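S.K.: here you go, sequence then predicted model.
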Amino acid sequence: MINKRIFIFIYFFVFMLYYVNAQDVFFSQYFANPLYLCPAFAGSGENTRLATNFRNQNPSIPGAYISYTASFDHYFQSISSSGGLLFSTDKAGEAAISNSSISAIYSYKVRMNEDFCFNTGIQASYLQSSIDWKTFTFGDQIDNKLGFVYPTNEKPPITNSVHSFDFSGGLIGYSKNMVSGITVNHLSQPSTSHYIGNDKLYFKLSVFYIGKYKFNKGINNEASLMPNIIYQRQQKFQQITAGCLLNKNPLILGLLYRNALKNSDACVVLAGIETKVFRFIYSYDINLSKFVNFIGGSHEFSLYLLFENFKRENKSRTIVCPSI
């Protein structure tokens, strides 16, 4: 007899086929994925930055959901502007469903005073969504003894690849001790449907705050607490993630809690290493849903490299955005 794990697998595959294109990937380490979080973060550190992120979601399911992002941004002091590039890919079911994008980002810095700045950012993206239909399996193909032997009655997609353009915008305000902001993704609500229908990427609203409060301010033993919270809404889906990181040079430890408002989602534990030019963080999502025995938790990694730009005209007046 086909075991329960396989039925869970089939359920998630069918769910992803019809609905996954209408939602974005969420990274537990959202604070370590700045350009994905908000285009206004481009140039917020006034340095050249490379960042990569990897997420393996629910690895206990065969053909788990895997997501990658890579970003680059550079600050141009002479024009108070920054440019950035963002690449993202997510794959489900051993690449049976794949979504990829490439984005160009521009942000502009407005310095309000010696201690506070605003950044505004816009993002233009090219999206591609693909389905490898021949790799899908469905419940009506199952024989209790022989397994997947029957043809399916499920309707195949009209097209295996969908292409579209998208636009997003955001705003952040920050000092050396905090950053808060808002992002609106998918202003054009591009179509993602592989069938005849109106499936699209709905508006996504993100509102967030990240603080940085230092103690033990000695040169060799400086430490800081970094409370953070983010609220996100996309169509009818909502969630809040909140927690705190402890940075005791060079170690980072943290704990986050994610709630989908109607139910608990996950508790996230993380650990990492940070220097002036390098940061690596690993986190694990402890699943709190009723499917925990079948889908397991999620693994996530983030890495960034920071390259100091050429000599600034007045380095002492630099306001660097905390943590990201």
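M.R.: On my side now, so go ahead. Since the structure is predicted, the reported quantities are computational estimates derived from the model, not experimental observations.

S.K.: can you map out the helices along the stretch 101-250 of the chain?
M.R.: For the stretch 101-250 of the chain, applying DSSP state H, counting those that start in this stretch gives no helices.

S.K.: quick one: furthest residue from the center of this protein?
M.R.: Here the centre of the chain is the reference, and by CA atoms, centre = their mean the most remote residue is residue 145, at 41.5 Å.

S.K.: so who does residue 98 touch?
M.R.: 89-92, 129-132 (CB atoms under 8 Å, 6 or more residues apart in numbering). No exception for glycine: its C-beta is placed from N, CA and C like everyone else's.

S.K.: before we move on, back to that, any idea how far the residue farthest from the centre of the chain lies from residue 136?
M.R.: Between residue 145 and residue 136 the computed distance is 22 Å (CB to CB, to the nearest Å).

S.K.: give the buried subset of the contacts of residue 98 as a PyMOL selection command.
M.R.: Taking 16 or more other CB atoms under 10 Å as the burial criterion, the selection of buried members of these in PyMOL is written as:
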select buried, resi 89+90+91+92+129+130+131
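
S.K.: report the buried residues of stretch 67-87.
M.R.: Taking 16+ other CB under 10 Å as the basis for neighbour counts, the residues of stretch 67-87 that come out buried are 67, 69-75, 77, 81-82, 84, 86.

S.K.: now those as TSV including secondary structure, pLDDT and distance to residue 303?
M.R.: Conversion of the buried residues of stretch 67-87 to TSV gives the following (DSSP: H, G, I helix; E, B strand; the rest coil; pLDDT from 0 to 100; distance: CB to CB, whole Å):
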residue	secondary structure	pLDDT	distance to residue 303
67	strand	93	15
69	strand	96	11
70	strand	97	10
71	strand	96	11
72	strand	95	13
73	strand	94	15
74	strand	93	18
75	strand	91	20
77	helix	87	26
81	strand	93	26
82	strand	94	21
84	strand	96	17
86	strand	97	15
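
S.K.: no further questions, thank you.
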